[in-house]
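[1] Fold the following and give me the result.
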Amino acid sequence: MAGSSRNDEDQKIKTCLWFEGDAEEAVEFYTSLFPGARTLEVQRYPEAGPGETGSVMTIVFELEGRQFIALNGGKVPFRFNESVSLSVECDTQEEIDRLWASLTEGGEEVECGWLKDRYGLSWQIVPRVLKELLRDADQQRVERAMQAMLGMCRLDIAQLEEAAAG
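    Now for the predicted structure:
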């Protein structure tokens, strides 16, 4: 924010992710995937808290300059679902392949660049070039790129560009 005295650890709006007890493991995994990712703060349950005294309650962490909160909220009927996902725009096929392989390990491939990781969190691993292909002035190129995307799980830049070109 221009003219703000807030530091980077004081992001006003953060996404909170509810885990059943494996928030620490999840944060270690997520921060291992993105260069410069880091843990900012760990809070532990006090004696008065619903969790085991001294166990991790929340972890504030940062991925690509965005902050998230991982909460060990316990076992409740809440589950991640596709209505909320983390979308990652990738510049290269190597980045897509690396993230895809890591995030689907213990998780599952879905479709159109979507996957679920081992914790059930949905991700979209999308090549940045896809936006350009789908905004092309030539509607036929857009249609061909869209049809190619709809037939893929892990998105392939070369195949998308080849499809758009006809």
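[2] Every contact and neighbour count from this point should use C-alpha atoms.
    Will do.
[3] residues in contact with E24?
    Residues near E24 by C-alpha atoms under 8 Å, 6 or more residues apart in numbering: 56, 59, 70.
[4] Filter those residues down to the ones in strands?
    56, 59, 70 (DSSP state E).
[5] Now do stretch 121-128: distance to the chain's middle.
    Centre-to-centre, stretch 121-128 and its host chain are 7 Å apart (C-alpha atoms, centre = their mean, to the nearest Å).
[6] Make residue 1 into 21 and carry on from there
    Will do, 21 is the new start, and the previous item becomes stretch 141-148.
[7] Quick one: mean pLDDT over it.
    Stretch 141-148 shows a mean pLDDT of 98.
[8] mind listing what's buried in that stretch?
    141-147 (16 or more other C-alpha atoms under 10 Å).
[9] List just the nearest of these to A46.
    Closest approach to A46 among the buried residues of stretch 141-148 (C-alpha to C-alpha): L141, at 10.2 Å.
[10] Now do the contacts for the residue nearest to that closest one when sequence neighbours are not counted.
    Computed as C-alpha to C-alpha, 6 or more residues apart in numbering, the closest residue to L141 that is not its neighbour in sequence is F100, at 5.5 Å. Contacts for F100 (C-alpha under 8 Å, 6+ apart) come out as 140-142.
[11] now do S75
    64-65 are the contacts of S75 under C-alpha under 8 Å, 6+ apart.
[12] bridging residues for the residue most central in space within the chain?
    In the chain, the residue lying closest to the centroid (C-alpha atoms, centre = their mean) is L106, at 3.4 Å. Assessed by DSSP bridges, L106 has beta-bridge partners W143.
[13] from the ones in strands among the contacts of E44, which is closest to Y50?
    Using C-alpha to C-alpha, those come closest to Y50 at A90, 10.8 Å.
[14] That closest one: what's it in contact with?
    36-39, 43-44, 47, 78-81 are the contacts of A90 under C-alpha under 8 Å, 6+ apart.
[15] Now, these that are in strands?
    Counting by DSSP E, the contacts of A90 contribute 36-39, 78-81 to strands.
[16] the strands in this protein, which residues?
    Under DSSP E, the chain gives strands at 35-39, 58-64, 76-83, 86-92, 105-110, 128-129, 134-136, 142-147.
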